[in-house]
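Chemist: Have a look at this prediction, sequence included:
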Amino acid sequence: MNHSYSKGLICCLLATLSWGVMFPVMTDALQYIDPFNFTTIRYGIAGLAFSLILLCMEGKKGFNLQGERWVLAWLFGTLGFAGFGFLVFLGQQMAGPAGALTASIMMATMPMSGLLTVWLLKKSRPHASTFGFILMSFAGVLLVITNGNATEVVNSPLNMTANLLLITGALCWVLYTVGGSYFPHWSPVRYTTMTTLTGMMSVVTIDMILMLTGNIAAPTLSAVGAVIPHLFYMAIVAGLMAVLCWNVGNKIITPTNGVLFMDVVPVTAFIVSALSGVVPSSIQLVGAGITATALILNNLNQRKLAQAKLAITVSQL
């Protein structure tokens, strides 16, 4: 394994570890402020930090979008920051005290939805065996979100809505991750910064519309003061450091391999939640184990298929 690939693996691992902690952190933050205003402030801070880093590394030319696919950058930025930030944390809030566990396990759907997304966008059809692992992964997710009682979830519109928001938010992040491959000549720092800045236009617009229409209230100074520690972690660690590491890692090992690290998120969240008193049930642990097993088996299967494809290519030379 070369040094560059190892760097990619470490970057993806650091990102997903920090994201695993962010869900328990958000459980506390959502008691003081709504997910929309929190996301706006969070990415406002992160966007400023990203801009300073890009300015130092690439100068003013790094911000020049003339002749670039800026509409596409805006679209992926909107999906990654407005789509993920708003939908996932709104879903977590609606899911209640166990929302951190539910939200984190939903992130484990990303590797499989990533394969399907690459199939749709890149016309690269997954192997037939992959679909079996996809079904196995979702079976584990269903055990976690239903806690073994599917009828309770089906009969609860609130739970159904929360789960749909979480799955949709996770899909938004998959699309954002794959979006990096559409900018092969951009550095990870530039992709991160420009998608954050363009995506923030959507974040601020949506937030303002929700406040003007009375759907959410403007944040009070006391509420913002109460979540300053949470904002520091979410903006600097889970935002600046994690997103940058994520994009650097995926640039090196490709999004198909990168999203496999999302399995680290629920494991980390389960450990942190348990330490804070929110202990997952045995059925939820079994579900998480099934999902983790599906992701590991699929990873091994993908590597086996890649080696077989390489062997066939070599034999035809």
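Modeler: Here it is on my side, so go on.
Chemist: Just the element for Q93, please.
Modeler: Here Q93, judged by DSSP states H and E, is contained in helix 84-95.
Chemist: Which strands and helices lie in contact with that helix?
Modeler: helix 3-29, helix 35-58, helix 99-107, helix 157-179, helix 188-212 (3 or more C-beta pairs under 8 Å, 6 or more residues apart in numbering; DSSP states H and E). Using the backbone N, CA and C atoms, a C-beta is placed for each residue, glycine as well.
Chemist: Next, the angle helix 3-29 makes with that helix.
Modeler: Helix 84-95 and helix 3-29 are oriented at 40 degrees to each other (axes from the mean of the first three to the mean of the last three C-alpha atoms, to 10 degrees).
Chemist: Can you tell me what sits against helix 84-95?
Modeler: 23, 26-27, 30, 34-36, 38-39, 42-43, 99-100, 102-103, 106, 158-159, 161-166, 168-170, 172-173, 176, 203, 206 (C-beta atoms under 8 Å, 6 or more residues apart in numbering).
Chemist: my guess is S51 contacts L197, does it?
Modeler: Yes - judged on C-beta atoms under 8 Å, S51 makes contact with L197 at a distance of 6.8 Å.
Chemist: Between these two, tell me which one has more neighbours.
Modeler: Neighbours were counted for S51 and for L197 using other C-beta atoms under 10 Å; L197 has more, 21 against 16.
Chemist: how close does the more buried one get to M106?
Modeler: Distance, L197 to M106, using C-beta to C-beta, to the nearest Å: 27 Å.
Chemist: Run a quick neighbour tally on F261.
Modeler: Residues near F261, counting by other C-beta under 10 Å: 24.
Chemist: quick one, what contacts it?
Modeler: The contact partners of F261, taken as C-beta under 8 Å, 6+ apart, are C12, L13, A15, T16, G249.
Chemist: With C12 instead?
Modeler: C245, W246, G249, N250, I253, G258, F261.
Chemist: Equivalent analysis for P24, please.
Modeler: The neighbourhood of P24, defined by C-beta under 8 Å, 6+ apart, consists of A100, A269, V272, S273, S276, V278.
Chemist: Quick check: the last one touching L101?
Modeler: Yes - in terms of C-beta under 8 Å, V278 counts as a neighbour of L101; the distance is 6.8 Å.
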